[in-house]
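1. here's my sequence, what's the structure:
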Amino acid sequence: MAAKARPIPEGFHSVTPHLTVRDAVKMIEFYKKAFGAKEIEVKKMPDGKVIHAKIKIGDTFVMLNDEFPDLGGSCASLSPLALNGVSCTLNLYVEDADFVWKQALAAGAKEAMPLADMFWGDRYGLLTDPSGHRWAITTHKEDLTPEQVDKRAMEFFSNNPMKGKS
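-> This is a model prediction of the structure:
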């Protein structure tokens, strides 16, 4: 008799990002160069498009696939490039945000928000990968109380040069 399957497979966390990208093979190479990803598996269709891939960034699996716009309706699989926008940010905690930031830019990422020390105690910046996904590159630098974060947030937003702009 086979052993009972684990409800959450070994090595996975409760939430696993699954990205739809344009040119998955190229994006896997980008993730390797930008974030040190390890390729775990890649399954291709007869036409060479990636139907399923699994990579590991740090301690987290990320699944991805090519775009499949021809599936139609709610089954269509489109990247942020096809949708002309994103609805989420992937937050990547790393030991050295400055190092990973430079590495990702050199690999082809584009800066969306400069890397800076933020009021909540993290060094944080936003990048957009070549397939349109937004990544926050983050290193936690300070353990702050909620009161300290609130005070710093008030100071930040009262001096924010983006205030009132849309």
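2. which element, helix or strand, includes L115?
-> strand 110-117 (DSSP states H and E).
3. what about that strand, distance to the chain center?
-> 14 Å (C-alpha atoms, centre = their mean, to the nearest Å).
4. pull up the pairing partners for it, direction included.
-> Strand pairing for strand 110-117, using DSSP bridges, gives strand 122-128 (antiparallel).
5. and the partner strand, what's its mean pLDDT?
-> The pLDDT scores in strand 122-128 average 97.
6. and what of stretch 42-55?
-> Mean pLDDT, taken over the full extent of stretch 42-55, equals 95.
7. next, the buried residues of that stretch.
-> Within stretch 42-55, the residues scored as buried using 16 or more other C-beta atoms under 10 Å are V50, A53, K54, I55. The way it works is simple: take the backbone N, C-alpha and C, and place the C-beta from them, glycine included.
8. hmm, who's touching that stretch?
-> Contacts of stretch 42-55 with the rest of the structure, by C-beta atoms under 8 Å, 6 or more residues apart in numbering, involve 24-25, 28, 31-32, 37-41, 61-66, 68.
9. please redo it, this time with the cut-off set to 7 Å
-> With contacts defined as C-beta atoms under 7 Å, 6 or more residues apart in numbering, stretch 42-55 is touched by 24-25, 28, 31, 37-41, 61-66.
10. now go through the residues you listed and say which are in strands.
-> Cross-referencing the contacts of stretch 42-55 against strands under DSSP state E gives K38, E39, I40, E41, F61, V62, M63, L64, N65, D66.
11. which of those sit farthest apart?
-> Spatial extent of the ones in strands among the contacts of stretch 42-55 (C-beta to C-beta) is set by the pair K38 and D66 at 19.8 Å.
12. sorry, back to before: would you mind checking the ones in strands among the contacts of stretch 42-55 for buried ones?
-> F61, V62, L64, N65, D66.
13. list the contacts for the second one?
-> This means V62. Per C-beta under 7 Å, 6+ apart, neighbours of V62: P17, L19, I55.
14. now do the closest residue in space to the first one that isn't next to it in sequence, the pLDDT please.
-> Among residues not flanking P17 along the chain, V62 sits closest, at 4.9 Å (C-beta to C-beta, 6 or more residues apart in numbering). The per-residue pLDDT reported for V62 equals 97.
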